[in-house]
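Enquirer: fold the following for me, if possible:
(4 chains)
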4 protein chains.
Amino acid sequence: MLVQFSIVPLGKGESVSEHVSKVLNIVDEGGLPYRITPMGTIVEGEWDEVMALIRTCHLEALKGKPRLLTTITIDDRPGKPDRITEKIRSVEKKLGRELRK
Amino acid sequence: MLVQFSIVPLGKGESVSEHVSKVLNIVDEGGLPYRITPMGTIVEGEWDEVMALIRTCHLEALKGKPRLLTTITIDDRPGKPDRITEKIRSVEKKLGRELRK
Amino acid sequence: MLVQFSIVPLGKGESVSEHVSKVLNIVDEGGLPYRITPMGTIVEGEWDEVMALIRTCHLEALKGKPRLLTTITIDDRPGKPDRITEKIRSVEKKLGRELRK
Amino acid sequence: MLVQFSIVPLGKGESVSEHVSKVLNIVDEGGLPYRITPMGTIVEGEWDEVMALIRTCHLEALKGKPRLLTTITIDDRPGKPDRITEKIRSVEKKLGRELRK
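Expert: Numbers count the residues shown, from 1 in each chain, chains lettered A, B, ... in the order given. You can find the predicted model right below:
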């Protein structure tokens, strides 16, 4: 399944890029295929491995913070592998041109 | 933590109320505090118990369907219990009147 | 259409109930059917009236704050009126029992 | 403000790439800075121009369909321009390496 998630701390200053760095290092070491976007992290894998990864990120981000807002969107289409690259490719094929990624 | 989730099947007719019934029975038997809203289910509990519940709902809903869209929003504020009722109550106190729930 | 929205200020202390009160007064005066849940506000109406309302709430909430996170989920099913009460009722009919709201 | 949106038709077959193509052509002609990700479209602009664009996409996507689910996430941080590229760049600077986009 394809999963986008984003973790936002409340009540700790407006810049969250330091906090984001910590989360991204966890994702990078996690070994699952992923992409970073300006609005969140997209990762591909089975339920258990993806959710274990997001759990680790959430708990790490929670350290020393009073409140955390985590959003997870799951697009599950069994039998369709490598959707992290193929989803955009199938639209590009239909449009007959490359998209801005 | 307080968690809202919603599970939507794609490609299986426009009414999803039958599918919703199955999910709600699972939530009801799960034993965690919950509320049903016109836009999703809100449940309160620790990460592992809430996520195990959503996983069961997601996998049950996936049966016989080609694609599922599941959205999860987590509001985690450790040390604040019973937020499923208290969050609204604290706003009502501030407003000095009851809210439409 | 049925719309859930939530407006969260970043970087301004962990409690957002004062900010929530301001937003709810705007929604209340807006005149559209609405419900308050522990995770957001649900409102029913046409695109232009709902979006004008959320815009007013967002701009009011932004005052004096460096950053705002606003989430909007739209469930649009033309020709189905009063879904803010009917969506849950149709599930209750299928289940044969009342739901916890 | 930085806005991610995604428009999903319910009840019309599992592949949504044809529908996605139509929406992307509207976004492309809209003239605002944007990026396509495997989970949605990210666009940057002021409230009125971004919402007018999403409204056009939503109404076009609704044609001939019984039901549409549209999700909009707004990250509004006034005075910070070009966040569609700068948000990732500031994290890369902190990490000291390039991210997978």
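
Enquirer: residues in contact with the most centrally placed residue in chain A?
Expert: By CA atoms, centre = their mean, chain A has its centre lying nearest to A:Thr41, at 2.5 Å. Listed by CB atoms under 8 Å, 6 or more residues apart in numbering or on different chains, the contact partners of A:Thr41 are A:4-6, A:23-24, A:27, A:34-35. Yep, even glycine has a C-beta here, placed from its N, CA and C like the rest.

Enquirer: for the host helix or strand of it, the averaged confidence score.
Expert: Using DSSP states H and E, the element containing A:Thr41 is strand A:40-44. Across strand A:40-44, pLDDT averages out at 97.

Enquirer: now stretch A:86-101
Expert: In this model, stretch A:86-101 has an average pLDDT of 87.

Enquirer: say whether chain B is contacted by that stretch.
Expert: No - applying CB under 8 Å from any CB of the partner chain, one finds stretch A:86-101 out of contact with chain B, separated by at least 11.8 Å.

Enquirer: need the contact list for A:Asp76.
Expert: A:1-2, B:58, B:62, B:67-70.

Enquirer: change it to 10 Å
Expert: Residues in contact with A:Asp76 (CB atoms under 10 Å, 6 or more residues apart in numbering or on different chains) are A:1-3, A:46-47, A:83, B:7, B:10, B:58-59, B:61-62, B:65-70.

Enquirer: about what we covered before: what bridges to the residue nearest to the centre of chain A?
Expert: Note on A:Thr41: beta-bridge partners by DSSP bridges are A:Phe5, A:Ile36.

Enquirer: next one: phi and psi at A:Asp75?
Expert: Dihedral angles of A:Asp75 (phi, psi; degrees, to the nearest 10) stand at phi -110, psi 100.

Enquirer: hmm, B:His58 and it touching each other?
Expert: No - with contact defined as CB atoms under 10 Å, A:Asp75 does not reach B:His58; the gap is 11.7 Å.

Enquirer: where do the contact lists of the two overlap?
Expert: Counting by CB under 10 Å, 6+ apart, the residues touching both A:Asp75 and B:His58 are A:1, B:68, B:70.

Enquirer: closest one to chain D out of the residues you listed, please.
Expert: B:Leu68 (10.1 Å; CB to the nearest CB).

Enquirer: need phi/psi at the nearest residue to that closest one once chain neighbours are set aside.
Expert: Nearest residue to B:Leu68, sequence neighbours excluded (CB to CB, 6 or more residues apart in numbering or on different chains): A:Asp76, at 4.6 Å. Note on A:Asp76: its backbone torsions stand at phi -110, psi 120 [degrees, to the nearest 10].

Enquirer: what's the pLDDT at A:Asp76?
Expert: The model reports A:Asp76 with a pLDDT of 96.

Enquirer: quick one: the helices in chain A?
Expert: Ranges of helices in chain A, per DSSP state H, are A:17-30, A:47-62, A:83-95.

Enquirer: if we can go back for a sec, list the ones among the shared contacts of A:Asp75 and B:His58 that fall in strands.
Expert: Among those, the subset assigned to strands under DSSP state E consists of B:68, B:70.

Enquirer: returning to that earlier point: ok, which of the helices of chain A comes nearest B:Lys87?
Expert: helix A:47-62 (18.5 Å; CB to CB).

Enquirer: determine whether any part of the closest one lies close to chain D.
Expert: No - interface with chain D: helix A:47-62 contributes nothing (CB under 10 Å from any CB of the partner chain), its closest point being 13.2 Å away.

Enquirer: packing partners for that helix?
Expert: strand A:2-10, helix A:17-30, strand A:40-44, strand A:67-76, helix B:47-62, strand B:67-76 (3 or more CB pairs under 10 Å, 6 or more residues apart in numbering or on different chains; DSSP states H and E).

Enquirer: returning to what we had before: of the contacts of A:Asp76, buried ones?
Expert: A:1-3, A:47, A:83, B:7, B:10, B:58, B:61-62, B:65-70 (16 or more other CB atoms under 10 Å in any protein chain shown).

Enquirer: just the closest of those residues to chain C, please.
Expert: Using CB to the nearest CB, B:Leu69 is the member of those that lies nearest chain C, at 11.4 Å.

Enquirer: now do the contacts for the spatially closest residue to the closest one that is not a sequence neighbour.
Expert: In space, and not counting its chain neighbours, B:Leu69 is closest to B:Val8: 4.6 Å by CB to CB, 6+ apart. Neighbouring residues of B:Val8 by CB under 10 Å, 6+ apart: B:16, B:19-20, B:40, B:61, B:67-71, C:75, D:8, D:10, D:67, D:69.

Enquirer: any idea what A:Ile74 is bridged to?
Expert: Going by DSSP bridges, A:Ile74 forms beta bridges with A:Val3, B:Thr70.

Enquirer: show me what contacts it?
Expert: A:1-5, A:47, A:50-51, B:5, B:7, B:54, B:58, B:68-72, D:39.
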